[in-house]
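J.: give me the fold of what follows.
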Amino acid sequence: MAYAAVQKFPRYAMHTPVMVVTRAGGAVQMLNTENVSLGGLFVRTNSPVSPGMEVTVRFGDVGNVVGGVARVVHVIHESESARKLHPPGMGLEFHDLPKPSHVALLRLVEGLAAHAPAAPSFRHEPRLKSNTTVRVQIPGREALAELAASNLSKGGLFVETPDPPAVGTRLTVQLTTPGGALTLHAEVVHRLDDAKARAFGQKPGAGLQFVDYDNEKRRELARYLDGRSQSLGGELHEPAPTPQLLEALNAARRLFEGLDKQDAFGAVGLEPTAAESVIHVRLATLHGLFRIPLTGATPAQEQKVRSAARVLPRVEQTLMRIIDERHRPRSAAQEAGVQDETALKVQSAITRAARLQERGHIKEARGVLLTALEQIPGHPGLSARVEELTRMMTQRP
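T.: Just a heads-up that it's a prediction; the model follows:
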């Protein structure tokens, strides 16, 4: 599977322990995540397993644990790390997540999106390939060091130094621009010491990722890069639209086309025979895709995605009615096209409960169904749903 598949969604920095179990040999490793999205995560390791292999992962907080099967879709070896300005490790694409884990993942990513911008993707930032000189203030070292830098972009740079600081070190970088000194904070995300540099045929140094810089400094850096690009004959190359932006726009287009055709399944990219669990996962994925801010979108594209987010609940309601019909035997009156008041109440309760359940509010969903059962005692469809949600509540970690 192509690496681009795991980048359909915005990625957010998240440094937390993750248990990884290789399904082939059963080896257990406790590693750390670098970032996470609705499609997968990147795990730091100097010994990544081969692309295509399946692993079991488990991470998260108490009460919000994500666990399931993932597939390795790309790896970054130590020898590539300095060039790519990214720590070594492996990118994992979620392959088989139980519904509770999918809901937990959606809740986790929404929380990250609400408090931090999407993690920079150096692969999608234009880079200035030529060398330049920067001044770097490293903690514990008194003087500012003038270092050669390369691969300068809006996301970071690589500085050459025989004594690179440790990964995770926060430092200050000064660029000399026509408007004066531009000071930025950065974090070391990769360290290439002298021994590794010789082995890889590169110069020793550190890959730095810019952090904690406001919009004004972003604009100053962009102006500096643009000016350097023009003076060097257009060496700065703009990237193609990000995969997550293309995915969101394609999903929005499909949604509106499905509405025009009155095809709820086609609107979310599914066949009419799709299983209930597949429908729930697809709806949760689309809610997350339309809700999370997308980088690089034009105002018209942003408006299209926002409109899709407003329309999606209508399609969801239709699909929930279809699922309900699958669970309930049709009465003679319903076969004749007549829906009595009781059937409408049941349908409304099950639909509202399903939407609450999709958002992880299992207890509230169960409460909606219990209230309906008080009004319609003994209804088999309601009773079955209450039992299902009760089991889910007892099984949640």
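
J.: tell me which element residue 49 falls in.
T.: According to DSSP states H and E, residue 49 maps onto no helix or strand at all.

J.: what bridges to the closest residue to residue 159 other than its chain neighbours?
T.: Counting by CB to CB, 6 or more residues apart in numbering, the nearest residue to residue 159 once its immediate chain neighbours are dropped is residue 147, at 4.4 Å. Backbone N, C-alpha and C define where each C-beta goes, glycine included. On the basis of DSSP bridges, residue 147 is bridged to residue 134.

J.: cool, residue 20 as well?
T.: Following DSSP bridges, residue 20 is listed with bridge partners residue 29, residue 57.

J.: find me the pLDDT at it, would you?
T.: Here, the pLDDT recorded for residue 20 equals 91.

J.: could you report the neighbour count for the residue nearest to residue 159?
T.: Burial of residue 147, expressed as a neighbour count using other CB atoms under 10 Å, amounts to 20.

J.: for the stretch 101-250 of the chain, which segments are assigned as strands?
T.: Counting by DSSP state E, counting those that start in this stretch, the segments of the stretch 101-250 of the chain that form strands are 127-128, 132-137, 145-150, 152-153, 156-160, 170-177, 180-192, 205-211.

J.: helices or strands next to the helix ranked longest in the chain in the packing?
T.: For the chain, the longest helix by residue count, based on DSSP state H, is helix 299-327. When contacts are defined as 3 or more CB pairs under 8 Å, 6 or more residues apart in numbering; DSSP states H and E, helix 299-327 packs onto helix 243-260, helix 264-267, helix 276-291, helix 341-358, helix 380-395.

J.: tell me the mean pLDDT for the second one?
T.: The one in question is helix 264-267. Taken as a whole, helix 264-267 has an average pLDDT of 90.

J.: which other helices and strands contact that helix?
T.: Counting contacts by 3+ CB pairs under 8 Å, 6+ apart, helix 264-267 packs against helix 243-260, helix 299-327.

J.: what of the third one?
T.: Contacts of helix 276-291 with other secondary structure elements, assessed using 3+ CB pairs under 8 Å, 6+ apart, are made with helix 99-115, helix 243-260, helix 299-327, helix 341-358.

J.: in JSON lines: the helices and strands packed on helix 299-327, plus distance to residue 320.
T.: Formatted as JSON lines, the helices and strands packed on helix 299-327 follow (distance: least, CB to CB, whole Å):
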{"stretch": "helix 243-260", "distance to residue 320": "16"}
{"stretch": "helix 264-267", "distance to residue 320": "10"}
{"stretch": "helix 276-291", "distance to residue 320": "9"}
{"stretch": "helix 341-358", "distance to residue 320": "4"}
{"stretch": "helix 380-395", "distance to residue 320": "12"}
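
J.: relative to residue 137, which of these is closest?
T.: Relative to residue 137, the nearest member of these by CB to CB is helix 243-260, separated by 34.7 Å.

J.: show me which positions of the closest one end up buried.
T.: Applying a neighbour-count criterion of 16 or more other CB atoms under 10 Å, the buried positions in helix 243-260 are 243-245, 247-249, 251-252, 254-255, 258-259.

J.: re the thing from before, contacting residues for the residue nearest to residue 159?
T.: Shown here is residue 147, whose contacts under the criterion CB atoms under 8 Å, 6 or more residues apart in numbering are 133-136, 159-161, 205.

J.: and for residue 28?
T.: Counting by CB under 8 Å, 6+ apart, residue 28 makes contact with 19-21.

J.: what distance do you get for it to residue 64?
T.: According to CB to CB, to the nearest Å, residue 28 and residue 64 sit 22 Å apart.

J.: now swap in residue 42 and tell me
T.: As it turns out, when the distance is counted by CB to CB, residue 42 lies 20 Å from residue 64.

J.: of those two, who's got more company?
T.: Each of residue 42 and residue 64 had its neighbours counted (other CB under 10 Å), and the higher figure belongs to residue 42 (23 against 17).

J.: where does the stretch 151-300 of the chain have low pLDDT?
T.: 199-201, 227-243, 292-296, 299 (pLDDT under 70).

J.: for stretch 174-194, buried residues please.
T.: 175, 182, 184-192.

J.: oh sorry, the question was meant for stretch 11-25
T.: Within stretch 11-25, the residues that qualify as buried are 11-14, 18, 20, counting by 16+ other CB under 10 Å.

J.: give me the distance from it to the chain's centre.
T.: Relative to its parent chain, stretch 11-25 has a centroid offset of 14 Å by CA atoms, centre = their mean, to the nearest Å.

J.: where does the stretch 1-150 of the chain dip in pLDDT?
T.: Screening the stretch 1-150 of the chain residue by residue with the criterion pLDDT under 70, one finds the ranges 1-9, 25, 62, 82-85, 113-131, 142-144.

J.: hmm, 90 instead?
T.: Along the stretch 1-150 of the chain, the parts satisfying pLDDT under 90 run over 1-19, 21-32, 34-40, 46-47, 49-52, 60-65, 73-74, 76-88, 94-150.

J.: all helices of it, in order?
T.: Counting by DSSP state H, counting those that start in this stretch, one finds helices in the stretch 1-150 of the chain at the ranges 78-84, 99-115.

J.: could you dump the ones you listed to a markdown table with distance to residue 386?
T.: Listed next are the helices of the stretch 1-150 of the chain as a markdown table, based on distance: least, CB to CB, whole Å:
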| stretch | distance to residue 386 |
| --- | --- |
| helix 78-84 | 52 |
| helix 99-115 | 17 |
